[in-house]
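Colleague: Just a sequence and a predicted model for now, questions to come.
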Amino acid sequence: MKADEAPEPKLKRNFVVAIDGPAGAGKSTIARHLARHFGLLNLETGAMYRAFALKALRLDVPLDDPAALQRLAAETEIKLEPGDEENRVLLDGEDVTGQIRNHTVTDAASRVSVFPPVRAAMVKRQQEIGAQGGVVMEGRDIGTVVFPNAEVKIFLDAAPEVRGMRRYDQLGQTGHPDAKPARPPEEVIRDLRARDERDRNRADSPLRPAPDAYLLDSTNLSLEEAVKTAENTVEAWLAKQGRDATNR
């Protein structure tokens with residue numbers, strides 16, 4: 001390989017890894033690791049909903065008006081470009097990566113995502129992005145709606161209190177405007193429970209594991225243990241493909 005050439009991905013296989021789960025479960029961290037480890041493209045679909053919510057907030061579009069949100073979705077372009085640590089998120093051509101992680105936008109994304117027209121627009125784009133495979137996609141309904149035929153499905157979960165404290169600590173480590181001590185941990189946990197309620201009970205594409213998903217409960221696992229378990233899940237699927245090919 002020449003010095004100026006990019007290294008080849010570790011694997012050149014067009015399989016899809018779908019990672020679903022509630023807020024604060026560690027989906028983004030695990031998706032980034034699996035993408036790097038297996039040479040896949042990491043696509044964080046939650047960032048698409050946040051970008052859309054950001055636009056709705058900027059334009060003062062009511063977050064409880066499905067007709068207005070549908071019109072907004074029809075005239076909105078959201079692109080994800082892979083980066084070293086996270087995707088670059090382009091909203092109508094503007095890089096909004098650094099503007100979609102605050103509490104206000106995150107809460108707004110959870111509110112607008114309950115409406116079928118919004119989800120339909122986002123799912124269509126997500127399916128276009130992942131149509132060729134070779135991706136890790138994480139979100140709330142990847143294994144059940146976006147890619148129900150994904151080769152590997154992982155449903156990542158943890159107790160609400162554990163997820164809330166992880167989110168609280170994460171905010172503090174990153175210097176986030178919602179970080180401690182601005183928002184006490186009990187408030188972070190309360191907001192997370194409210195988001196869980198909306199995600200699990202929405203009429204369209206409620207948060208639930210696919211029947212064939214591997215259930216990874218990280219309540220009593222360290223981050224390293226959860227990442228390794230997810231990695232082993234993909235490795236087991238790859239090993240099975242090798243065995244099946246040999247036995248044909």
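Modeller: Noted; the coordinates are in hand. Note that the structure is a prediction, hence the values are computed from the model and not measured.

Colleague: continuing past whatever helix or strand residue 37 lives in, what's the next helix or strand?
Modeller: For residue 37, the element it lies in under DSSP states H and E is helix 27-38. Sequence-wise, the next helix or strand downstream of helix 27-38 (DSSP H and E) is strand 41-44.

Colleague: Listing partners with orientation, what would you give for that next one?
Modeller: Applying DSSP bridges, strand 41-44 is found paired with strand 135-139 (parallel).

Colleague: Give the rounded mean pLDDT of the longest helix along the chain.
Modeller: In the chain, taking DSSP state H as the definition, the longest helix is helix 223-247. Here helix 223-247 scores 86 as its mean pLDDT.

Colleague: moving C-terminal of the least confident helix or strand in the chain by mean pLDDT, what's the next helix or strand?
Modeller: Taking mean pLDDT, DSSP states H and E as the measure, the helix or strand of the chain with the lowest value is helix 160-174, at a mean of 75. Counting by DSSP H and E, the next helix or strand C-terminal to helix 160-174 is helix 185-201.

Colleague: Off-centre distance for that next one?
Modeller: Computed by CA atoms, centre = their mean, to the nearest Å, the chain-centroid distance of helix 185-201 equals 17 Å.

Colleague: Which other helices and strands does the helix or strand that comes right after it contact?
Modeller: Scanning forward in sequence from helix 185-201 by DSSP H and E, the next helix or strand is strand 214-217. Here strand 214-217 touches strand 152-157, helix 223-247, going by 3 or more CB pairs under 8 Å, 6 or more residues apart in numbering; DSSP states H and E. C-beta: built from backbone N, CA, C; applies to glycine.

Colleague: could I have strand 214-217 exported to PDB, CA atoms only?
Modeller: Taking C-alpha atoms only, strand 214-217 is exported to PDB below (Å, rounded to 0.1, in the frame of the first residue of the first chain):
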ATOM      1  CA  TYR A 214     -29.600 -10.000  21.100                       C
ATOM      2  CA  LEU A 215     -30.600  -8.400  24.400                       C
ATOM      3  CA  LEU A 216     -27.700  -6.700  26.000                       C
ATOM      4  CA  ASP A 217     -28.500  -5.400  29.500                       C
END
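
Colleague: Neighbouring strands - and their directions - for that strand?
Modeller: Strand 214-217 sits in its sheet next to strand 152-157 (parallel), going by DSSP bridges.

Colleague: Direction-wise, compare the strand it pairs with with helix 27-38 and give the angle.
Modeller: Going by axes from the mean of the first three to the mean of the last three CA atoms, to 10 degrees, strand 152-157 is angled at 150 degrees with respect to helix 27-38.
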